[in-house]
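Trainee: okay, structure incoming, though there's no sequence with it:
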């Protein structure tokens, strides 16, 4: 099959279903569950923490169906930028896509920085005498190395991702197998008194906290949607990759969580200075197969962490590209590498912000970073995209939709409820940090920046609205694609 070129944006369609699913799953799993299992146990106060991963899976599936419909019908570079541009241009011009890029340039690389923090955290198991300065240096070297790995053609990255995906699968399978060879039902299923008391506020506060951590662990099911212009047959591939990756990771997480709780006493996980509190997977291997096996699997987990950050930065670096082409962001971000066809400045800028976020995150706690990132994302992306599905169905009923959301509008309603619970819980989970206030302040600053930009560019509200129903009147990207140039 010849390479396919998206003639509008210049990207090459080289990624198929298996590679797309591998990219999603690699970003979703990564270091996340290995560092957040203790956080989940702390939120629920016992082994009933498994409820958090189930709740996160339900929200991920509901929201994944939103992404599936939007991605299949609007398969452009930048994902959410394209969806919000197409849906909200009728009322607010380019405000919503501007706010998304304004925010995504912050929350995507900062989210990836938590993976580098987790890498250094697990490296501490193999290097117990590592100082803070040494850990900072390691994290910066890892960040730079990931940028170097991404400095190549996307099909080579996709091939590398499949290999790294196999390492990720091996690491989690080994931890799961080790856990179930020494599994204690008494540890996993003996809950504290009143653990699931639905009439009190304690359980529901724990549930909201667990849902926040759970969806953080599942985030990444949307990675290939950011790369819509590089996906073969996006109308079929994107929905299948999104749904398959969520179901696959859900099975992995549930087995991992239950298995871990059946080996390590949940009370040990509440001590951040213990092995179970900082490197719970290593603690499982140490208790079951011994220190040598723990060392070996910890190395695989470190590779898994790098894989997650690499795939996340791969998708995120594409976000400002379409915005720059539309003159909604700095125009330099709209340039591709002349040979390798990737957005150079997007990759470098997000890599730099990721490095800064890593250093900042080393001086605070992971749960707070998750809350700050999630609150900003909920406003400008999650809630907006739920609305975008309905807006587009009403405004563009003739839009080609290769995939239509199952049981519409129930998944949209469920996703909306889940994101509102997470947003409303944010201040309770991070007292003194005020994540809701900071998120609103960031959005307000984005609105002011938009007004300055709109006045300069004579866009709405200082000029006419420019309605461009690009995908409604465009051609099928699978049929319009032409062979890529040689070289």
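Mentor: Done, it's in. Bear in mind that the values here come from a model prediction, so they are computed numbers and not experimental data.

Trainee: now the strands for this structure?
Mentor: With DSSP state E as the criterion, the chain has strands at 4-5, 12-13, 482-483.

Trainee: tell me the contacts of the closest residue to residue 53 other than its chain neighbours?
Mentor: Spatially, and ignoring its direct neighbours in sequence, residue 53 is nearest to residue 253 (4.8 Å; CB to CB, 6 or more residues apart in numbering). Just so you know, the C-beta spots here come from the backbone N, C-alpha and C atoms, and that holds for glycine as well. With contact set as CB atoms under 8 Å, 6 or more residues apart in numbering, residue 253 has these partners: 33, 53, 56-57, 217-218.

Trainee: now those residues as a markdown table including distance to residue 126?
Mentor: Output for the contacts of residue 253, formatted as a markdown table (distance: CB to CB, whole Å):
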| residue | distance to residue 126 |
| --- | --- |
| 33 | 19 |
| 53 | 27 |
| 56 | 29 |
| 57 | 31 |
| 217 | 23 |
| 218 | 28 |
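
Trainee: could you dump those into CSV with distance to residue 285 and pLDDT added?
Mentor: Shown next, in CSV, are those (distance: CB to CB, whole Å; pLDDT from 0 to 100):
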residue, distance to residue 285, pLDDT
33, 15, 78
53, 20, 88
56, 25, 92
57, 25, 93
217, 20, 86
218, 24, 91
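
Trainee: next, count neighbours for the residue nearest to residue 327 when sequence neighbours are not counted.
Mentor: The shortest distance from residue 327 to any non-neighbouring residue, by CB to CB, 6+ apart, is to residue 457 (6.5 Å). Neighbour count for residue 457, taken as other CB atoms under 10 Å: 13.

Trainee: could you do the one 5 residues further on as well?
Mentor: A count of neighbours around residue 462, defined by other CB under 10 Å, yields 13.

Trainee: distance of it relative to residue 101?
Mentor: Using CB to CB, to the nearest Å, we find residue 462 at a distance of 19 Å from residue 101.

Trainee: how far away from the center of its chain is stretch 346-361?
Mentor: 16 Å (CA atoms, centre = their mean, to the nearest Å).

Trainee: list the buried ones in it?
Mentor: Residues of stretch 346-361 classed as buried by neighbour count (16 or more other CB atoms under 10 Å): 346-347, 349-351, 353-355, 357-358, 361.

Trainee: dump these into a markdown table; add distance to residue 240 as well.
Mentor: Listed next are those as a markdown table, based on distance: CB to CB, whole Å:
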| residue | distance to residue 240 |
| --- | --- |
| 346 | 26 |
| 347 | 27 |
| 349 | 31 |
| 350 | 27 |
| 351 | 30 |
| 353 | 32 |
| 354 | 29 |
| 355 | 34 |
| 357 | 32 |
| 358 | 34 |
| 361 | 34 |
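
Trainee: quick one on the thing from earlier: which stretch in the strands of the chain is the model least sure about?
Mentor: Lowest mean pLDDT within the strands of the chain: strand 482-483, at a mean of 38.

Trainee: re earlier: just the closest of the buried residues of stretch 346-361 to residue 185, please.
Mentor: Minimum distance to residue 185 across the buried residues of stretch 346-361 is 36.7 Å, recorded for residue 361 (CB to CB).

Trainee: where along the stretch 151-300 of the chain do the helices fall?
Mentor: Along the stretch 151-300 of the chain, the stretches classed as helices by DSSP state H, counting those that start in this stretch are 154-181, 185-189, 201-218, 234-261, 266-269, 275-278, 280-288, 291-316.

Trainee: what's the closest of these to residue 407?
Mentor: Nearest of these (CB to CB): helix 234-261, 13.4 Å.

Trainee: just the buried residues of the closest one, please?
Mentor: 234-235, 237-246, 248-250, 252-253, 255-261.

Trainee: what's the average pLDDT for that helix?
Mentor: 93.

Trainee: now do that helix: distance to the chain's middle.
Mentor: 13 Å.

Trainee: what angle do that helix and helix 280-288 make?
Mentor: 50 degrees (axes from the mean of the first three to the mean of the last three CA atoms, to 10 degrees).

Trainee: quick one: residue 467 from residue 426, how far?
Mentor: 35 Å.

Trainee: please disregard the earlier target; I meant residue 38.
Mentor: For residue 38 relative to residue 426 (CB to CB), the value is 20 Å.

Trainee: ditto for residue 273
Mentor: Here the criterion is CB to CB. By it, residue 273 lies 27 Å from residue 426.

Trainee: between those two, which has more neighbouring residues?
Mentor: Per other CB under 10 Å, whichever of residue 273 and residue 426 has more neighbours is residue 426, with 25 against 6.

Trainee: mean pLDDT lowest for which of the helices of the stretch 151-300 of the chain?
Mentor: helix 275-278 has the lowest average pLDDT among the helices of the stretch 151-300 of the chain, namely a mean of 73.

Trainee: ok, residue 446 - contacts?
Mentor: 98-99, 102-103, 380.

Trainee: picking that back up, residue 296: which of the buried residues of stretch 346-361 is nearest?
Mentor: For those, the nearest to residue 296 is residue 358 (25.9 Å; CB to CB).

Trainee: can I assume residue 375 is in contact with residue 434?
Mentor: No. Using CB atoms under 8 Å, residue 375 is not in contact with residue 434, being 9.7 Å away.

Trainee: residue 109 versus residue 188, what's the distance?
Mentor: Taking CB to CB, one finds residue 188 at 37 Å from residue 109.

Trainee: now swap in residue 58 and tell me
Mentor: 28 Å.
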